[in-house]
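sequence and predicted structure below; questions after.
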Amino acid sequence: MELDRAIGELLVETVTPLTLEVALAVQQELEQRAEEADRLRRSQIERARYEAELARRRFMRVDPDNRLVADSLESEWNEKLRLHAEAQKEYERQRQADTTLTEQQRAEIMALATDFPRLWHDPKTPQRERKRMARLLIEDVTLDQTSELTARVRFKGGATKELTLPVPLSVCLRYKTSPKVIALIDELLDHYNYRQVAAILNERGFRSGKDMPFNSRSVAVVLRTYGLKSRYDRLRERGLLTMEEIIALLGTCSQTVKQWHHHGLLRGIPYNDTNQCLYEHPGPNPPFKNKGLRLENPRRSPGNVETSAHEVQYET
């Protein structure tokens, strides 16, 4: 998103002069985490103390003459006291480890703030880490949209910056195909099928509205979206015949039509990526079935068939 990129560039431009604010923001984040961990450990101590107190009360209420129950409750009380003591000891140990930042840690934080542009632009820095860095530095962002989009960015420490951006385009306009590409697709469809058109566009360096390479499907989407004629309709307008029409014209079957096409006796032009064809009219001398004769020279058209001892010429 344009706003995200703009805020990222603003961070890069602003962070170096605000090194102190950056360091304070990082330190504050670390201190907040330490305070949260300290609160959780205190709650564990309180829980252990409460369970030890419950065990003490149960032991004090037992009948002294019932030695078996008294011994069991006393053992439970001692175990709860041990757990409470361990929780207290662990709390003190962690508290000493979570003391205020050392001078070395402060120096590392200051270096991190100074190296912020390098870290931000490093392709190895994950996007989630960039978001964390932004949250550490930015207090809030206020958006105001009129004829333009105004973003007021307030940094940790009080510094503010203002960005003015154009209003983002709607999805349909953002992914709109270039008029030049649409005109080229319209021109190429007179001569090529969808897959071939996509290959030519990619070879010439064109991209789709979503900045992706073209394929048969994206070419078909452009046709539907912008009302271009399909390859099939263009060939029909040129007078090419469907399979049903050529069968009726020649009085044969589809298998024979495909064989004649394969051997060059009929000219068919594919109109889709599965090589389904429309056929040119065979003219005044169409081929016909002649039982017992074999087709030779498979790639020749009827008009170029020469008479020889090794070839067959169809009669009209």
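Done, it's in.

what's the first helix or strand after the strand or helix carrying residue 218?
Assigned by DSSP states H and E, residue 218 belongs to helix 216-226. Counting by DSSP H and E, the next helix or strand C-terminal to helix 216-226 is helix 231-237.

can you show me the CA trace of that next one as CSV?
Extracted in CSV, the C-alpha atoms of helix 231-237 (Å, rounded to 0.1, in the frame of the first residue of the first chain):
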residue,chain,number,x,y,z
ARG,A,231,-10.7,-15.2,-31.7
TYR,A,232,-13.6,-17.4,-32.7
ASP,A,233,-15.8,-14.5,-33.7
ARG,A,234,-13.0,-12.9,-35.7
LEU,A,235,-12.5,-16.1,-37.7
ARG,A,236,-16.2,-16.5,-38.2
GLU,A,237,-16.4,-13.0,-39.6
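
show me what it is in contact with.
Helix 231-237 has contacts (C-beta atoms under 8 Å, 6 or more residues apart in numbering) with 189-190, 192-194, 229, 269, 271-272, 278. Using the backbone N, CA and C atoms, a C-beta is placed for each residue, glycine as well.

give the buried residues for the helix holding residue 218.
216, 218-220, 222-223 (16 or more other C-beta atoms under 10 Å).

and it, how far out from the chain's middle?
Computed by C-alpha atoms, centre = their mean, to the nearest Å, the chain-centroid distance of helix 216-226 equals 21 Å.

for it, what is the average pLDDT?
In this model, helix 216-226 has an average pLDDT of 87.

ok, now stretch 200-207?
Across stretch 200-207, the average pLDDT comes to 89.

burial check on residue 149, number of neighbours?
Neighbours of residue 149 under the rule other C-beta atoms under 10 Å: 17.

for it, which non-adjacent residue is closest in space?
Of all residues not flanking residue 149 in the chain, residue 165 sits nearest, at 4.6 Å (C-beta to C-beta, 6 or more residues apart in numbering).

burial measure for that neighbour, as a count.
Residue 165 - counted by other C-beta under 10 Å - has 16 other residues nearby.

against which helices or strands is the helix holding residue 218 packed?
In terms of contacts (3 or more C-beta pairs under 8 Å, 6 or more residues apart in numbering; DSSP states H and E), helix 216-226 is packed against helix 179-188, helix 194-203.

which one of these lies nearest to residue 50?
helix 194-203 (70.3 Å; C-beta to C-beta).

let me see the contact set for residue 77.
By C-beta under 8 Å, 6+ apart, residue 77 lies in contact with 52, 55-56, 58-59.

and the helix or strand harbouring residue 89, average pLDDT?
For residue 89, the host element (DSSP H and E) is helix 67-97. The predicted model gives helix 67-97 an average pLDDT of 85.

again, but for stretch 270-289
On average, the pLDDT along stretch 270-289 is 85.

spatially nearest residue to residue 245 (excluding sequence neighbours)?
The nearest residue in space to residue 245 (C-beta to C-beta, 6+ apart) is residue 279, at 7.9 Å.
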